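Peer 1: no sequence on hand, only this structure:
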């Protein structure tokens, strides 16, 4: 019988004699199993978990008996392992034990790679997506509210019509039988504002808007509502869309996107006049135009947070645009500012959150 090498040296010599292709093959197979795990977890999470569990069981069924057999030889028959004194039967059993143990280890490595792929898929899907704060400002009837709502829905992010806050304050002041210019009553109403009441349909009419512009002149009212607006933008993980008259200048001066929506006085008056007619309210067009101009002067001339475009705001004139055209133009402005890739990432995040629900 020739000189037999110890088992460890035999394995080492075996690896040293392998070609680069033979050495790379296991790594390639592991990488493929990771990729399969990523794909499986992303496309059918339930099926992925089922396959992972079955893989663990199968690897255990093969590995455990092999490990027990190899352990038995290491403890009770080390001579067969070293090849010093052994019989053909013992050598055959040792070979089968090692084959079973090696197959079990290979299966376990494959299952681990498959499981790592699933973990990697979950990590990539749960990573923080892009976060955009979009500030939309502009005068009354410029179309900013409709536009802001559509942009928020398009990207699947929360939307706040900040004008509703001031309308609600004016409503509550009037309900308490105080004058709209009563600063103490308006501040008290602002500090006790119930956010759940913002869905009140009575806040949507032009008269509510005119009343809001009166209480909005009061600095203490604006200060009381400022933190609510900033908290709304700050606490939304994927960003938010806010519209008003001072979002880009005061509320969110660091907003990623600022759009100032304008339209001619006549175009805005026509829109507001049509709103009155749709509600069956008889009002002269010239009167609507005068009311808009008075409100513009009031909003632009107040001492605190006046209506004005931020220095870095993107301007959008909707005079000759319908709602669809204004929306398309706004998306082009946003894409030009943050890039198409970020916009696509936002849409993918929205799709992922909807699928998760």
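Peer 2: Cool, the structure landed. Quantities reported herein were computed from a predicted structural model and do not represent experimental measurements.

Peer 1: buried residues in stretch 105-114?
Peer 2: By neighbour count on 16 or more other C-beta atoms under 10 Å, the buried set for stretch 105-114 is 107-108, 110-114. Every residue, glycine included, has its C-beta placed from N, CA and C.

Peer 1: so, low pLDDT: which residues of this structure?
Peer 2: The chain contains residues with pLDDT under 70 at 1-19, 21-23, 83-85, 124-129, 340-357.

Peer 1: grab the longest helix from the protein for me.
Peer 2: Counting residues, the longest helix in the chain under DSSP state H turns out to be helix 88-126.

Peer 1: how about residues contacting stretch 185-200?
Peer 2: For stretch 185-200, the surrounding residues in contact (C-beta atoms under 8 Å, 6 or more residues apart in numbering) are 161, 164-165, 168-173, 176, 178-180, 215, 218, 220-221, 224-225, 228.

Peer 1: break down the protein into its strands, ranges please.
Peer 2: Assigned by DSSP state E, the chain shows strands spanning 132-137, 159-161, 239-244, 257-262, 314-317.

Peer 1: in TSV, list these along with distance to residue 290.
Peer 2: Output for those, formatted as TSV (distance: least, C-beta to C-beta, whole Å):
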stretch	distance to residue 290
strand 132-137	23
strand 159-161	25
strand 239-244	23
strand 257-262	19
strand 314-317	22
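
Peer 1: out of those strands, which gets nearest to residue 64?
Peer 2: Taking C-beta to C-beta, strand 239-244 is the member of the strands of the chain nearest to residue 64, at 51.5 Å.

Peer 1: so who does the nearest residue to residue 243 once chain neighbours are set aside touch?
Peer 2: Closest residue in space to residue 243, ignoring its immediate chain neighbours: residue 148 at 3.7 Å, by C-beta to C-beta, 6 or more residues apart in numbering. Neighbouring residues of residue 148 by C-beta under 8 Å, 6+ apart: 134, 136, 159, 161, 241-243.

Peer 1: of all those residues, which two lie farthest apart?
Peer 2: 134 and 161 (13.2 Å).

Peer 1: for the spatially most central residue of the chain, give its distance to residue 287.
Peer 2: The residue lying closest to the centre of the chain (C-alpha atoms, centre = their mean) is residue 238, at 4.0 Å. Applying C-beta to C-beta, to the nearest Å, the value for residue 238 to residue 287 is 43 Å.

Peer 1: how about the strands of the chain, which one is nearest residue 66?
Peer 2: Distance to residue 66, taken as C-beta to C-beta, is lowest for strand 239-244 among the strands of the chain, at 54.2 Å.

Peer 1: between the closest one and strand 257-262, how many degrees?
Peer 2: With axes from the mean of the first three to the mean of the last three C-alpha atoms, to 10 degrees defining the directions, strand 239-244 sits at 30 degrees from strand 257-262.

Peer 1: what's strand 239-244 packed up against?
Peer 2: strand 132-137, helix 144-155, strand 159-161, helix 219-234 (3 or more C-beta pairs under 8 Å, 6 or more residues apart in numbering; DSSP states H and E).
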